[in-house]
Structures are given as C-alpha cells and as structure tokens.
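> structure of the sequence below:
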Amino acid sequence: MARAVTFRQDPDPTPSDSRLDRLFRTEGGRVLARLARQLGPGRLDLAEDAVTRALVAAARLWRIRGLPNDPAAGLYRIAWNKAADLLREQPGEAEPLCGAGIAAWPSARRGLDDDLLSLVFLCSHPALPEAARATLMLKAVLGFGVAEIGVSLRDTDMAVAERLSQGRRTIRERGLPLELPSGRALLPRLNGVLATIHLAFSEAYATARGERAVRAEICTELVRLARGLADHPLTETPTAHALAALMPLQAARLPAIDDAGEIALLADLDRRQWDRHLIAIGLHHLERAASGGTLSAYHLEAGIAAEHAVAPSHAATDWPAIRGYYDALVRLRPTPLVRLNRAVAVAETDGPAAGLQALAGLQSEPRLAADPYLSAAAAEFLARLGQREAAAEAFGRAIMLARTLPERRLLQRRLDALAMPAASL
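As a prediction, this is how the structure comes out:
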C-alpha cells in the first residue's frame, strides 16, 4: 500500500501559485507515468484526465492545509482516486482498477525514475505518427496544456488536440507497451527519443509569436528532460550528453530575445543578458559528451553553440572553429540548411565573395526554394561587397518569401539599412 500522506507540522498556509506550478510541472509527469503503468497505456487519456483533476484538487487543498511532506505521493493518491471516479462512470471498468490496488509510491530519486523514463519512450515510439510524438511528449511527460503546446509548435489548438487524439488512439489500438526497451533495441529507441526532444525544443526556441514566457518555460523543461536522460544509468551516452549540452547553450540566449516576438540576428543580441548558469550546464555536458562513442550531429551543433556562448562579442567569435564544425557537419549530414549555415561561417572566415561561392548550387535545392534566408544570406554578402542594388534585389526576394510578420520586418529592416552608411550594414 502507498504510505500515508502527512502534512508538515509548520506548513506554509498559502503556497504561491508559482511554487505550486513548479511542483506540479516537476512531479506531474512522474505521477502520470505511475498511474498509466497501473491503468495500462491504452488508458493514457483517462490517466491524463485524472492527473489534471488531481492537480486542481491538490492546489485547492494545499493552499488551505499547506504542502504535504511528500507532495508527489500525495498527488499520486489524489490522482488514483480521481481515476477510480472516472472509471465508475464507465460501466464494467471500476472493478479492474479496484482489484489492481494503489501501488506504493517509489522512493524519490534524482532525475528520471523508470516509470517516467518508460513514458518518455512510449511518447517517442516509432509506431506513433511522427507529428504526434513531440506533442505527446510535451503533454504527457511535461504536463503542458494544449494552448501552450500550440504556441510552442506554432500550431492551432485544434491541430494539437487532433495529434494528441491520434497518438493516444495509436497507443491503444497497437497495444504499445509502457516499458523500457532492452538489449539491442535500446540504443535505436533512445536516438528516437533524443530526436523527439530536439524537435520539440527547436520548435519552441524558434517560434516567433511573441510568447517568450511560454517558450522559455517549455525550453527549460525540455532541457531538464534531456539532462535527466543524460544522467540516467540506462540512457547515459555521449550522444545524450551532446543533446543535453546543445539545448541549454541555445536556451541561454532566450533572456536577450525581444518580448514582442521580433527576430534578432545573433550579432545583435545583448550577450550580457545571456544566462551564464545555462551556459555552464551546457559546457559541463559537452565535456562529458567527449567521453567516447560515435560523433553525432548534436556534438557538432553543441560545439558551434559553445563557441558563440563563450565569445565576448560577435566580432570576437572563433569563426575558424565554427567553420571547422560546419565542415564536419556537412560531411555527417549534408542537408541544404546545414550547407546554408556553413556558407555564413565561410563568409566570416574567408570573406563575402567566398560566402557567395558557398551558396552556389543551393538555389536549385527544393527545400530552400521557399526559404527566405537563402536570399537573405546572398543579400548580406552582396551588401558587404558594396553591390547594393543586387543586395536590395535579393532582400526583396527574401521579403516576398517571408513566412511570418516578424521575418518580414527583420528583412525589411535589413533592406532599409542599405540606404545608411556602409558601417551600419
């Protein structure tokens, strides 16, 4: 039986909403994972509903009585009772739950426990639709709401809800297990988990809808999840550490990003506002990522992010080192976007003419045909060469291809700067 929930002798009579939010965000995924294991992954939607109701009930109770000695165990007991209530509303379902009995709440451990780790693997299962994996991860593991996920993934609430429904339906119909893969199956599945986390983080980090508070919170929680994987005995690999390095190194820039959703060039960010604690975390994991094993794209991307993070200014950045990382990344993953980013590094090391040469051939790439940043990069290089008319024409093409209003405003500012003295470009 689960141990009894007791309240502190000197409880805080009014725990703040922010404190409860942090507690629920930290423990909600563990509670859901434990409950889903008891109910079965086919009832993941019911478990999520029970945990949601438990969070509301716990917040109401704990604001009056103070926090219990073990909030996670208390939340789990409330969620179990809510699940029993929900099942009583479904004929023939209540008895299996009562027969299962409430499982003992596991002793607290640092990082991910095996229940939560199993849920992470379930949400990234290769049998799930790819579009549903990041959405399920954000909802089930990290406890974000539909609206928050919509901001993160730049999608409508309806689309998010549909992906969640599709993912849960696949879990139920395919009978996907809530368990950790073993043996040779572990590493390929872990790589899929890392890819799902990275996708969710990249979308949250890049979103341009002005919801910086939501974006920063989602990025922070995804960093915590990646670090948990890197530190867990079953999933601690150099690749996991490399991703746990890359994400905080990039998230460290968020405090310097405009609240209104404007896009700023990396060179224009105020580095004094960068989060030094996150940079230290990233450098720590980058060091551990170098312990051996296969060199992954995450290693190289983290190396690039680290060079930016430690440079005191854009001008003082070690561009030859970044160029070297991109050269290696092109050999490992020669995607058009990687080649485009490499061209920027080439322009910084060898000059704008070399940058234009590095862009040659990318115009015919279908994946870049509608990307405004290909034309924008060419425009920047042409402007540095003093070819202002050609640069203005290239900026005009980029503006026509802009996908969002913030992108269009950024490109328009760069076009307007062509009329200013050369030093402002």
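
> residues contacting the residue nearest in space to the middle of the chain?
The chain has residue 201 as the residue nearest its centroid, 2.0 Å off, counting by Cα atoms, centre = their mean. Going by Cβ atoms under 8 Å, 6 or more residues apart in numbering, residue 201 touches 219, 222-223, 226, 247, 250-251. From N, CA and C alone the C-beta is placed, and that goes for glycine too.

> just residue 159 next, same as before
Per Cβ under 8 Å, 6+ apart, neighbours of residue 159: residue 150.

> now pLDDT too, for the contacts of residue 201, in JSON lines please.
Formatted as JSON lines, those follow (pLDDT from 0 to 100):
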{"residue": "219", "pLDDT": "90"}
{"residue": "222", "pLDDT": "93"}
{"residue": "223", "pLDDT": "95"}
{"residue": "226", "pLDDT": "96"}
{"residue": "247", "pLDDT": "97"}
{"residue": "250", "pLDDT": "95"}
{"residue": "251", "pLDDT": "93"}
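
> out of these, who's the most crowded?
residue 247 (31 neighbours; other Cβ atoms under 10 Å).

> helices along the stretch 51-200 of the chain, start to end?
Ranges of helices in the stretch 51-200 of the chain, per DSSP state H, counting those that start in this stretch, are 71-88, 94-100, 114-123, 130-136, 146-153, 157-174, 186-206.

> just put these in CSV and tack on distance to residue 278 and mean pLDDT.
Formatted as CSV, these follow (distance: least, Cβ to Cβ, whole Å; pLDDT from 0 to 100):
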stretch, distance to residue 278, mean pLDDT
helix 71-88, 26, 90
helix 94-100, 42, 50
helix 114-123, 22, 93
helix 130-136, 21, 92
helix 146-153, 18, 84
helix 157-174, 27, 94
helix 186-206, 12, 92
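
> want to throw those helices into CSV with distance to residue 415?
Listed next are the helices of the stretch 51-200 of the chain as CSV, based on distance: least, Cβ to Cβ, whole Å:
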stretch, distance to residue 415
helix 71-88, 54
helix 94-100, 63
helix 114-123, 43
helix 130-136, 35
helix 146-153, 29
helix 157-174, 33
helix 186-206, 22
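
> okay, now the unreliable bits of the stretch 301-425 of the chain?
Within the stretch 301-425 of the chain, the segments meeting pLDDT under 70 span 421-425.

> try it again with 90
Applying pLDDT under 90 to the stretch 301-425 of the chain picks out residues 315, 360-361, 363-371, 403-407, 409-410, 417-425.

> give me the contact list for the strand or helix carrying residue 26.
Residue 26 belongs to helix 17-39 when elements are defined using DSSP states H and E. Helix 17-39 has contacts (Cβ under 8 Å, 6+ apart) with 43-44, 46-48, 50-51, 54-55, 58-59, 62-63, 67, 71-72, 75-76, 79-80, 83, 97, 100, 102-103, 105-106, 113, 115-116, 118-119, 140-143, 178, 221.

> going through the residues you listed, which ones are buried?
43-44, 46-48, 50-51, 54-55, 58, 62-63, 67, 71-72, 75-76, 79-80, 83, 97, 102, 105, 113, 115-116, 118-119, 140-143, 178, 221 (16 or more other Cβ atoms under 10 Å).

> may I see the buried residues of the helix or strand residue 353 falls within?
Remark: residue 353 resides in helix 352-359, with elements defined by DSSP H and E. Buried positions in helix 352-359, judged by neighbour count with 16+ other Cβ under 10 Å: 352, 355-356, 358-359.

> who touches it?
Outside helix 352-359, the residues touching it (Cβ under 8 Å, 6+ apart) are 339-340, 342-344, 346-348, 374, 377-378, 380-382, 384-385.

> circling back to that earlier point, ok, now how distant is the residue nearest to the centre of the chain from residue 248?
10 Å (Cβ to Cβ, to the nearest Å).

> for the closest residue to residue 335 other than its chain neighbours, grab phi and psi.
Nearest non-adjacent residue to residue 335, counting by Cβ to Cβ, 6 or more residues apart in numbering: residue 367, 7.6 Å away. For residue 367, the backbone dihedrals (degrees, to the nearest 10) come out as phi -70, psi -20.

> pull the number of nearby residues for residue 367.
Residue 367, neighbours per other Cβ under 10 Å, totals 12.

> ok, now which ones touch it?
Counting by Cβ under 8 Å, 6+ apart, residue 367 has contacts 335-337.

> now, of these, which are buried?
Among the contacts of residue 367, those buried by neighbour count (16+ other Cβ under 10 Å) are residue 336.

> got the contacts of residue 367 as TSV, with secondary structure and distance to residue 363 columns?
Shown next, in TSV, are these (DSSP: H, G, I helix; E, B strand; the rest coil; distance: Cβ to Cβ, whole Å):
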residue	secondary structure	distance to residue 363
335	coil	16
336	helix	10
337	helix	14
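
> tell me which residues touch residue 343, please.
355, 358-359, 362, 377.

> could you find the closest non-adjacent residue to it?
residue 358 (3.7 Å).

> ditto for residue 305
In this structure, residue 305 finds its nearest non-sequential neighbour in residue 249, 3.8 Å apart by Cβ to Cβ, 6+ apart.
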